[in-house]
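Asker: Below is the sequence, then the predicted model.
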Amino acid sequence: MSLEPLIFEKGCPGRVGFSLPQVDMDEAPPLDPKYLREGLDWPEVAENEVMRHFVRLSQKNYSIDTGFYPLGSCTMKYNPKVHEDVAIMPGWAHIHPYQPQESIQGALQVQYELQEMLAEISGMDAVTLQPAAGAQGEFTGILMIRAYHRSRGDSARDVILVPDSAHGTNPATTAEAGFKMISLKSGPDGSVDLDALASALSERVAGMMLTVPNTLGLFEPNILKISEMVHKAGGLMYGDGANLNALVGHIRPGDLGFDVMHINLHKTFTTPHGGGGPGSGPVACRELLAPFMPGPVVAREGDKYVLVEPAQTIGRVKNFWGNFGMHVRAYTYIRHLGLAGLQRVSEDAIINANYIRANLQDTYFLPYNRVCMHEVVLSARNIKQETGIRTLDVAKRLIDYGMHPPTVYFPLIVEEALMIEPTETESKETLDTFISAMKDIAREAHEDPDMVHSAPHTTELGRLDEVSAAREPNLRWRSTQPREEAAPVAEARAS
Amino acid sequence: MSLEPLIFEKGCPGRVGFSLPQVDMDEAPPLDPKYLREGLDWPEVAENEVMRHFVRLSQKNYSIDTGFYPLGSCTMKYNPKVHEDVAIMPGWAHIHPYQPQESIQGALQVQYELQEMLAEISGMDAVTLQPAAGAQGEFTGILMIRAYHRSRGDSARDVILVPDSAHGTNPATTAEAGFKMISLKSGPDGSVDLDALASALSERVAGMMLTVPNTLGLFEPNILKISEMVHKAGGLMYGDGANLNALVGHIRPGDLGFDVMHINLHKTFTTPHGGGGPGSGPVACRELLAPFMPGPVVAREGDKYVLVEPAQTIGRVKNFWGNFGMHVRAYTYIRHLGLAGLQRVSEDAIINANYIRANLQDTYFLPYNRVCMHEVVLSARNIKQETGIRTLDVAKRLIDYGMHPPTVYFPLIVEEALMIEPTETESKETLDTFISAMKDIAREAHEDPDMVHSAPHTTELGRLDEVSAAREPNLRWRSTQPREEAAPVAEARAS
Amino acid sequence: MVYTPNTEAQRQEMLASIGLTSVHDLYQEVPASLLDPQIKLPPPLSEPELVAEMRRLSERNADATHNAIFLGAGSYNHFSPSAVYRIMSRSEFYTAYTPYQPELSQGTLQQIYEFQTLVCQLTGMDVANASMYDAASALGEAAVMASAITRRKKVVISPKTHPEHKAVLRTYADGHGIEVIERDANIKESSELADDIACVIVQQPNFLGEIRDLDGLAEKVHAAGAMLIIVFDPISLGLLKTPGELDADIAIGEGQGLGVPMQFGGPYCGLFATKEKYMRQMPGRLAGMTKDVNGKRGYVLTLQTREQHIRREKATSNICTNEGLIALAATAYMCLMGPQGLKRVAEICYQRSHYLAKCIAGLPGYKIVSREPFFKEFAVQTPISPTELNRYLLRQGVIGGLDISRRPEVEGEDNVWLLCVTELNTKEQMDRLLSALEGIGK
Amino acid sequence: MVYTPNTEAQRQEMLASIGLTSVHDLYQEVPASLLDPQIKLPPPLSEPELVAEMRRLSERNADATHNAIFLGAGSYNHFSPSAVYRIMSRSEFYTAYTPYQPELSQGTLQQIYEFQTLVCQLTGMDVANASMYDAASALGEAAVMASAITRRKKVVISPKTHPEHKAVLRTYADGHGIEVIERDANIKESSELADDIACVIVQQPNFLGEIRDLDGLAEKVHAAGAMLIIVFDPISLGLLKTPGELDADIAIGEGQGLGVPMQFGGPYCGLFATKEKYMRQMPGRLAGMTKDVNGKRGYVLTLQTREQHIRREKATSNICTNEGLIALAATAYMCLMGPQGLKRVAEICYQRSHYLAKCIAGLPGYKIVSREPFFKEFAVQTPISPTELNRYLLRQGVIGGLDISRRPEVEGEDNVWLLCVTELNTKEQMDRLLSALEGIGK
Ligand SMILES: Cc1ncc(COP(=O)(O)O)c(C=O)c1O
Ligand SMILES: Cc1ncc(COP(=O)(O)O)c(C=O)c1O
């Protein structure tokens, strides 16, 4: 593999990569020059060049379809190919959101039934599919909580409680929705500290954001108690559903006392992550919050599906009806697996995580020695103490073993965290390979720390200079920039 | 990149990678055990494993979509992506060849119009789309020639003339069709030697197979004379149309005196080569041979398209109506480009080849110093004499420069041949990169012959042992075979 | 179980290795009352049954490959070259996560860098991010950003902006306690703007497709200490003056038109670009060029201290997952089109929409409402309710325009129909529409 | 010009570098009279126009995703998992050439090696090649190979073999001066076979879908010094005895059923397997496992001295391009199905076809002609012409069976209809067929 020049370093003035009709029916007066732009300095490349460029770039990526990708909290499970075939059917791909409703009954049916299925799975009463991702789901849910309190004249509630183990989007969301955040320190077993909670509760508390299982991969054993305490204080419970893969089919967040939650279709329901998105973050809620959902949602009237606006809606968070392409995939997935299949998903996700835990806890420090759920958080603390090799080094060295590293340095409450989520779509053989690699690396850390510290050794590029990237940001190409010496040819030449 | 185990080295007994209905409507008596097979030892792998396996394997391939692929005689041009989108439309992909003709008028129309378009392009009168590839087209055409002579009671003609520069399929075809072959030595300019031809002609000659431009990439300047001589001797002219890319839109083989020819849709009309196929080798012929074509062909009756059997057909060479999936793509291509576009194809193919010729003929030996057509044949003879480095070494070294080597050691009449066909879809910049790499290699051959001789140096594998592969062939996996030591992990580990 | 590879025997083996005896033991920390409630889901389907069922459902929709469509209003039936889908369906792109490990993600990272550059070139802005959810939420974030920069709590938006953009803006503004004021962007003097306005937002072309003269607007807005945010249609920038040329501070666009199918409204891709000086106040992900330990060119995510995973409640936005794959599609589209291609598309849209408008204007009872010049959309006054028209047209294989009767964007006017014409609307389709309209008259 | 990248300026520059002044000079060796004749082709279409046109044409066909299809006879509407197409549409597979440079083709080479192995496992044979054009031409080549091995010039084929297989066999045989004799494979004594017979060819299941008892056949054929060639349906080998178990010398199959769409008859993929001792007489390409200079496992094309590019007129066949990509699809299919999946497909075909046969047998005027046991196809005697039936059914969204009335395969019987049922034929589809048939009766 060789360095790939930027697309801006390719092409030739006047070259054409498109095939378009001629400008025709051209009797309109030309636009007044005052409206017109100056030239556009996009590259001029042929289709052949574009294909090659992106095929070559793609090969520089690691992905689920190339190997094991145990990124904790991200649920990198296999993305079934049938979903992609379904999603490009013209009846899904080429319909407009504003078409007359009689011409989009198939789409509305899928959305309606997906709402229903997600309500069943989450144990909630109502669902909106509008949010574009988990973080937007959080924003939506917290705004709904705010609207609920306001609707009751309870407008002094300006605080949201968030455990210190929470994902960054939770605190960021509280700010985005205009709340103050109180961070709750976790207890010694990684769970919510009930005393800390009790002392944080007040009539200023609008609600609490909680992830179950939490970001340590641990179930919250006092969840019913927690919900009760928050409810008693007049607050509502927001569930971060990013970890639903641990529960699906066996445990419903609604039964745990949550009033509203988001669901990441791109995690549990395996819509592809796309190198950073699109996601889809439907929000499910109990009856009391349903009137505040963003609209429209899909309702059924006789044998027709219609779009309706919730009575006291918070308004819209996104154009149109959400990331429909992802709805189709998630719907397809649920119809494929059925309940038994989904139960098997969460069971195998949990077995796989515990299998890793059981087989690595003698090698890496296990901060919370409990049966975990769909992911396990280990720490390289012990290795660091003994050898100076840190979690980052372990992660980079794992790349040499042909695997993607776990999530690192998150959750923040675990020093040198290695957050490992294998998902249910990985085989025991793959886990065994991972476990043995992790053990090898621990050994290498002792025997040859420099080698580990300078990993990866097998990739095209070594570690990248993130510090100067941030200090002097180069965020776009300019034709005045120096071209890369290393053209592909020179690169491929043996030294 | 790391070695990929065989699929047989993966999986686990009882694992399932399919999603199928249950066996239902199951009231038929079970099959008598005497009809039943013993167990089937296919691998048992999940869809995830299969995808990863083939994605990883695919990345070990070089392809048109990764880079320059100047394989002479193979016309490795860019395969437009729109063709693939068209070919999978259900109305093409999911129709059965034996459907009632009123239910397949679209397919028959495409075939009919493609026959017509190929007849126009080749300057012939009739076309059959049945042959699956060039070689089968040759077989078809030669059988048609035989049938023609037989139909006239002229059955003593048992010889086909083939120039010594011909592609291997030509002589092989003569044998396959039951003819004796006389090989014609080429003249000093690479063209047919008219004297040699004259002395080979006799009343035993059924015809002559000729490639225009020939495999040296050279036009046959005496083509009209040659056709006349063969015709006068009672023979017919077979055109190997593999090199039609040099002529398309500007020169028609029918005008050169050919009576019958095949056309490789997978070359000139850019249906993808697929790593070795499928191809499609329609045969075009003059009126006198039309009755002998394999049937059926598509005819038009009023506004209907129907399948008809030629009167004196040689019979079938293939099931059904040929490689229809390729017909759709070729048809799409011709409709996209139109005549002007096709003319541009051949022009640019010729310009590109001559540009390489002009810029490399001082570095590599040019056996025939003429303006070439769509490809140029060079020779590493001079380099070999000076350094011992052979064509094979040059080819392997080119791999290190990130490019696919040209065809080597063909045509046989050129010592140390390097047969370079850039095609029209390559840019001048790409050709310049190639030219400079070829010059670099020539220099390296002098400066560091060992390095060139041991190339490639940048690939996962070095040169492969073809000798023992042929001596003790291992053509299939058996579970008793030793597993590869180099599992992906070990491979990826730094040494 | 096609996606869970482990066999029952393997599961048992693994449970034993964990030190448990049954699957049930995995749930030991879960109160028993919470386990295994009744969950009603449809029975599973095998893959062939599933595909048939999904095809059947999909064909209950009237799609734009089998109907002529004249709907626009923020979602457009533009042409996407086949190569775009072939690129975005590369496994290595669409099954990867956010490129957190740069050594394993150079493909996506370089592509994001190229995307950022292409968006800058398109808009004439200095920096662009790796995408937002869509134009509407990007606009919301832009207003929040302007408010943070100016420390002002009011934003002005032109009434003829897409109504959903306005609605989403209000939601985002509400979260931050920002007040949204609708007023025409036709600002003659900077003194027309109060001194507590954070930004002025205009959409170009506006919701009715009209191209407005925005020359000089930025100067007045800036003089009032406010920022100018322009919402653009990327296709229109094949012709129109860029936000950069208009000295906008933030440019927001909907990327869908750049080769992404309409797919009933999403996923799309919010384009977000700004001036260099505001770079560190931007929301969203950014890729930057850097070097590896050996001095080779490479790419990383950068300026992450703006983001939620580092900065938590102090982040510029809570966005995490964005629209990466859609941005990839747009990247491929922009490369394939090149400057000439985009210009061609824009010109065809302009010419064909004017052709249709001229023909409709010739029909009795119809009147063009949008002011000239418009780009690819125009509003029409119709003799009968557009919704009824649309119902009739649907039966002729025509998906009509949007009924915007009585909306504030048309000042409450009745019977207004917003039509859109793109390069995919052929003359034959327009004829079909026109003859249907004539038919109704009769 | 979207696929010819060089601009006019570049062309001029290149011509100058070549030493020519105009494009016309490139044709200096071509007699002027031959240049630029009139060629009539339709005008070019742009990509969006092209796609619309091709969609319009394609929808003039009645396809199997919108109709229930009961046609088989050598082309089958079997299910193909989505993963198959995703694999075969990987650029690196479908835009590569034959793997002549092994260092750049390990992906294709390893896949061919796997294909060969999977076909061996499926058929119980020792070696398989990388594919032939289709079953029919593979059969032709097999007969030629048998003739070359036995040095005999006659081949016997069972009359109930697919008629097109027989026709293609005749064409190939004719080329080599081989005589084709049709006679039933029901051979009781080896003495029934003349001593100049090169091979005996049987199709299992036969053209009428019947499974025959082939135990002991090989023994008799071999005793007569001839070879046994079995033509198989790969799907049927989910259940049925393999050619290997039946001691066939060559096994020929049509690979289309293994995940490849019907696409109006091609491209398909001829499966060709034989015994180890005949390896060097095989036609077609072969991949073999070997080592590289460093001792690492790798793959190459091997035994190429059998092939035309080395052996020219002495090659075992003239085949060059084969059906590589289709073989890749089949490879992916076989891996995805595994032994259990193939068995399941075969069982569903067997059960559902029997269900339909039972129902049809219950209709007045219909009679099952194929003898039990049959696999997935069966012939039915119909009260009226099957062609007429089909015409009627088509209007109900049913693509009926093949009219094989008066064909030699049914000994000239009138009104015979060959139906096929696969795992894609649902009960609902069969009910549709049955109620239509009942409707005709009335
Ligand atoms: C625990 C948790 N919460 C929230 C999110 C945010 O979800 P999204 O990326 O879809 O916005 C994530 C994503 O990684 C997460 O892991
Ligand atoms: C000159 C020539 N003739 C014939 C052929 C055979 O064509 P095919 O591979 O389609 O059978 C080729 C293929 O490379 C060729 O180059």
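Answerer: That came in fine, so what should we check first? Ligands and ions are numbered 1, 2, ... in the order given.
Asker: contacts, neighbours, all on C-alpha from now
Answerer: OK.
Asker: dump the residue contacts of A:Asp465.
Answerer: C:Thr290, C:Lys291, C:Asp292, C:Val293 (C-alpha atoms under 8 Å, 6 or more residues apart in numbering or on different chains).
Asker: Would you list the buried entries among those?
Answerer: C:Thr290, C:Lys291, C:Asp292 (16 or more other C-alpha atoms under 10 Å in any protein chain shown).
Asker: quick one: which of those residues is nearest C:Asn6?
Answerer: C:Asp292 (39.5 Å; C-alpha to C-alpha).
Asker: returning to that earlier point: may I see the contacts of A:Asp465 organised as JSON lines, with pLDDT and distance to B:Leu218 added?
Answerer: Converted to JSON lines, the contacts of A:Asp465 look like this (pLDDT from 0 to 100; distance: C-alpha to C-alpha, whole Å):
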{"residue": "C:Thr290", "pLDDT": "97", "distance to B:Leu218": "50"}
{"residue": "C:Lys291", "pLDDT": "97", "distance to B:Leu218": "49"}
{"residue": "C:Asp292", "pLDDT": "97", "distance to B:Leu218": "49"}
{"residue": "C:Val293", "pLDDT": "96", "distance to B:Leu218": "52"}
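Asker: And those, which is closest to ligand 1?
Answerer: Using C-alpha to the nearest ligand atom, C:Thr290 comes nearest to ligand 1 of those, at 25.4 Å.
Asker: ranges for the helices of the stretch 251-400 of chain C?
Answerer: C:308-311, C:324-361, C:386-395 (DSSP state H, counting those that start in this stretch).
Asker: and of those helices, who's closest to chain D?
Answerer: helix C:324-361 (9.4 Å; C-alpha to the nearest C-alpha).
Asker: near chain B at all, that closest one?
Answerer: No. Helix C:324-361 stays clear of chain B (C-alpha under 8 Å from any C-alpha of the partner chain), getting no nearer than 12.3 Å.
Asker: so what's the residue in the stretch 201-350 of chain A that ligand 1 sits nearest to up against?
Answerer: Going by C-alpha to the nearest ligand atom, ligand 1 is nearest to A:Ala242 of the stretch 201-350 of chain A, at 4.8 Å. When contacts are counted by C-alpha under 8 Å, 6+ apart, A:Ala242 touches A:Ser73, A:Cys74, A:Gly134, A:Thr211, A:His262, A:Ile263, A:Asn264, A:Lys267, A:Thr268.
Asker: mind running it again at 10 Å?
Answerer: Contacts for A:Ala242 (C-alpha atoms under 10 Å, 6 or more residues apart in numbering or on different chains) come out as A:73-75, A:134-135, A:167, A:211-215, A:261-268, A:281.
Asker: And the contacts of stretch C:14-26?
Answerer: In contact with stretch C:14-26 (C-alpha under 10 Å, 6+ apart) are residues A:347-348, A:350-359, A:371-373, A:428, C:6, C:8-13, C:35.
Asker: before we move on, the earlier item: which of the helices of the stretch 251-400 of chain C has the highest mean neighbour count?
Answerer: Comparing the helices of the stretch 251-400 of chain C by mean neighbour count (mean count of other C-alpha atoms under 10 Å in any protein chain shown), helix C:324-361 comes out on top with a mean of 25.
Asker: check whether it contacts chain A.
Answerer: Yes. Under the criterion of C-alpha under 10 Å from any C-alpha of the partner chain, chain A is reached by helix C:324-361 at C:324-328, C:331-356, C:358.
Asker: That helix and chain D, any residue contact?
Answerer: Yes. Applying C-alpha under 10 Å from any C-alpha, one finds helix C:324-361 touching chain D at C:Leu336.
Asker: Spatially nearest residue to the residue of the stretch 301-450 of chain A found nearest ligand 1, not counting backbone neighbours?
Answerer: At 9.4 Å from ligand 1, A:Pro411 is the closest residue in the stretch 301-450 of chain A, using C-alpha to the nearest ligand atom. Nearest residue to A:Pro411 in three dimensions, chain neighbours excluded: A:Ser165, at 5.6 Å (C-alpha to C-alpha, 6 or more residues apart in numbering or on different chains).
Asker: Thanks again, I'm all set now.
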